[in-house]
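> I'll drop the sequence and a predicted model, then ask my questions.
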Amino acid sequence: MAITYDMEIPSSISADKMFKAFVLEGDSIIPKVLPHAITSVETLEGDGGVGTIKLTTFGEGSVHKSVKHRVDGLDKENFTYSYTIIEGGALDVFESISYHIKIVASPDGGSICKNRSIYKPKCDAQVSEDEIKAGKERASGIFKKVEAYLLANPDVC
């Protein structure tokens, strides 16, 4: 049975700028703002669109060395992005892990990152709420680091 979590993260950055930084240029920006957590993101195959395979390498001390993910959806006009972890990471306990991100404009000129995470545990795996909560906190932390980077560097994106 799948475990689904929805999370919303508000930002003072506009939706288009946040989408560009977090999704379109995230492979270079995220390792810059979180060098201890993510050392690199490289494209193994594809052009960044649907079907692209990427390798994310984590920093020293991380529980997992790396993950590979496949881009499942990318809509630059509607600011949506979805991907599935296909190798590494927590796939020892999960059959699949997928993420669906939509960044929407908020009335104050900022944005809201709507993130849906879908975890499908392997039939015999025990998954704790703490593990899922830690994953959500990491995702929120990455988003907030990108936001802080954009606020400190307004000419980027």
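That came through, no problem.
> what residue of the protein is the furthest out?
Of all residues in the chain, D124 has its C-alpha farthest from the mean position, at 26.7 Å, by C-alpha atoms, centre = their mean.
> so for it, what's the pLDDT?
What the model reports as pLDDT for D124 is 72.
> could you give the bridge partners of the nearest residue to R116 once chain neighbours are set aside?
Leaving aside its sequence neighbours, R116 sits nearest to H100 (C-beta to C-beta, 6 or more residues apart in numbering; 4.3 Å). C-beta: built from backbone N, CA, C; applies to glycine. Beta-bridge partners recorded for H100 (DSSP bridges): S82, R116.
> what about the longest helix along the chain, average pLDDT?
Longest helix of the chain, by residue count under DSSP state H: helix 129-152. Mean per-residue pLDDT for helix 129-152: 86.
> enumerate every residue touching the residue positioned nearest the centre of the chain.
Centroid-nearest residue in the chain, with C-alpha atoms, centre = their mean: A139, separated by 6.1 Å. Counting by C-beta atoms under 8 Å, 6 or more residues apart in numbering, A139 touches 7, 99, 115, 117.
> can you count the residues close to the first one?
Looking back up the chat, that one is M7. Residues near M7, counting by other C-beta atoms under 10 Å, number 14.
> skip the chain neighbours and tell me the closest residue to A21.
C157 (4.7 Å).
> next up, the contacts around the one you found.
With contact set as C-beta under 8 Å, 6+ apart, C157 has these partners: 17, 20-21, 25, 150.
> which of these fall within helices?
17, 150.
> which of the contacts of C157 sits closest to F79?
The closest of those to F79 turns out to be K20 (C-beta to C-beta; 9.1 Å).
> look up the pLDDT of that closest one for me, please.
Taking K20 on its own, its pLDDT is 96.
> same question for L91.
83.
> need phi/psi at it.
phi -70, psi 0 (degrees, to the nearest 10).
> how near is the closest residue to it other than its chain neighbours to T39?
Closest residue to L91 apart from its sequence neighbours, by C-beta to C-beta, 6+ apart: I85 at 6.2 Å. Distance, I85 to T39, by C-beta to C-beta, to the nearest Å: 18 Å.
> looking at these two, which is more packed in?
I85 (19 against 15).
> show the contacting residues for the more buried one.
Taking C-beta under 8 Å, 6+ apart as the test, what I85 contacts is 67-69, 91, 94, 96-98.
> all set, thanks.
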